[in-house]
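Undergrad: Test case, fold it:
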Amino acid sequence: MRAYVEKIAGLLLVFGSVFLSGCSTSTYSLESYVDKFSRKSSLVKENDGRRGLGVGFSVKDKKEVYSIFSSNEELSYIASSDVYTINAGDKLDISVFKVPELNKITTVNSKGDISFPLIGRFHVKGLSEHQAEEKLASILGVKYLQNPQVSISIDNAINNNVTLEGSVKKSGIFPLQGNMTLLQSIALADGLTDMADPTKIILFRKSTSKTYLLNLQAIREGKARDPYVKADDRIVVAKSGTRSFIKDASTILGGLVAPIWGLF
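TA: All right, here's what the predicted structure looks like:
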């Protein structure tokens, strides 16, 4: 019994010393706290994400390890050659040179079709703008027009957007215009507010269900690379202050960071 009491007392002493050391530092930060805590407890340990451009760490609860941020090395820093393909819900602006009665704006239905004069239903899902132009011109040229010149542009690509939230001047859903980086995406929202913490930008990638922590200040200063964003990415700019950052991260991760609330 005595040995058990001594063991409990030892654990309390360790946790107490870690907490006091974290509170006493004048340069308090999430990273420094995790660093100190990881050296003295098995509850928190460093994750490979720390080798990236941001901060990554894990919270270990019994036998499970909850990965909070993935390594920023996974992100793309080279412009993609991929071309966006038309999807259901996209709005297309179609024009035929010198045939204004065929010009129209239409929305792709759930089956990937649009309705077009003379030819009726026309399947466009999975085609690029250029491919759709060639296909429509080919059909019109067979029966109706001689050497038609067709132009198709995606007026509103419903599946090619990025969402910006948090401490930005204009939050919302914005269309991606070709290859765009994180810095360019922030500009879509008119930049950061005065309350923003540029060192804590949370990027949630829906396509992989992974979350990254980025340092916009380091990117602006040329100390870190500016990653390219992808369709359906969600970017949240945290407010200044560790607790605000944890709250924003918790919102995105669905409560996975809840275990570390008690550490701050």
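Undergrad: Can you tell me the closest non-neighbouring residue to Tyr77?
TA: Arg225 (4.8 Å; C-beta to C-beta, 6 or more residues apart in numbering). Where you see a C-beta, it was placed from the backbone N, CA and C, and this is true even at glycine.
Undergrad: Wait, that neighbour touches Ala218, no?
TA: No - applying C-beta atoms under 8 Å, one finds Arg225 not in contact with Ala218, separated by 9.2 Å.
Undergrad: Tell me where the chain has helices.
TA: Ranges of helices within the chain are 2-24, 30-40, 129-143, 182-188, 216-220, 242-253, based on DSSP state H.
Undergrad: tell me the mean pLDDT for the shortest one?
TA: Along helix 216-220, the predicted confidence averages to a pLDDT of 96.
Undergrad: so what secondary structure elements neighbour it?
TA: Contacts defined by 3 or more C-beta pairs under 8 Å, 6 or more residues apart in numbering; DSSP states H and E place helix 216-220 against helix 182-188, strand 196-205.
Undergrad: now what about stretch 171-191, what contacts it?
TA: 79-80, 156-157, 160-165, 168-170, 192, 201, 203, 214, 216, 219-220, 226-231, 233, 235, 237 (C-beta atoms under 8 Å, 6 or more residues apart in numbering).
Undergrad: Return, as residue ranges, the portions of the stretch 1-150 of the chain with sub-threshold pLDDT.
TA: Within the stretch 1-150 of the chain, the stretches with pLDDT under 70 are 1-67.
Undergrad: same thing but at 90, please
TA: Residues of the stretch 1-150 of the chain that meet the criterion pLDDT under 90 lie in 1-70, 80-84.
Undergrad: mind giving me the domain ranges of this protein?
TA: By the assignment in automatic domain parsing, the chain contains the domains 72-81+160-263, 91-156.
Undergrad: Single out the most deeply packed of the ones you listed.
TA: domain 72-81+160-263 (a mean of 17; mean count of other C-beta atoms under 10 Å).
Undergrad: Might you report the residue contacts of the nearest residue to Leu127 once chain neighbours are set aside?
TA: Distances taken as C-beta to C-beta, 6+ apart place Ile86 nearest to Leu127, at 5.4 Å, with adjacent residues excluded. Listed by C-beta under 8 Å, 6+ apart, the contact set of Ile86 reads 92, 108, 112, 124-129, 132, 154.
Undergrad: ranges for the strands of the stretch 51-200 of the chain?
TA: 57-61, 64-67, 91-96, 104-107, 113-116, 120-123, 150-156, 161-166, 172-175, 196-205 (DSSP state E, counting those that start in this stretch).
Undergrad: Give me the residues contacting the fifth one.
TA: Right, strand 113-116. Residues outside strand 113-116 that contact it (C-beta under 8 Å, 6+ apart): 92, 94, 102, 104, 106-108, 121-125, 136.
Undergrad: Among those residues, give me the pair with the biggest separation.
TA: Leu102 and Lys125 (20.9 Å; C-beta to C-beta).
Undergrad: for stretch 160-177, how far is the first residue from the last?
TA: 9 Å (C-alpha to C-alpha, to the nearest Å).
Undergrad: which residues touch Ile201?
TA: 182, 186, 213-216, 235-238.
Undergrad: what's the pLDDT at it?
TA: If you check Ile201, the pLDDT there is 93.
Undergrad: do the same with the one 3 residues further on
TA: The model reports Phe204 with a pLDDT of 93.
Undergrad: Spatially nearest residue to it (excluding sequence neighbours)?
TA: That would be Arg234: by C-beta to C-beta, 6+ apart, it lies 4.3 Å from Phe204.
Undergrad: For the one you found, give the beta-bridge partners.
TA: Taking DSSP bridges as the rule, Arg234 bridges to Thr163, Phe204.
Undergrad: Leu213 now?
TA: Ile202.
Undergrad: wait, it sits on Phe69?
TA: Yes - using C-beta under 8 Å, Leu213 is in contact with Phe69, at 4.6 Å.
Undergrad: and the gap between Ser71 and Tyr144?
TA: Going from Ser71 to Tyr144 by C-beta to C-beta, to the nearest Å gives 55 Å.
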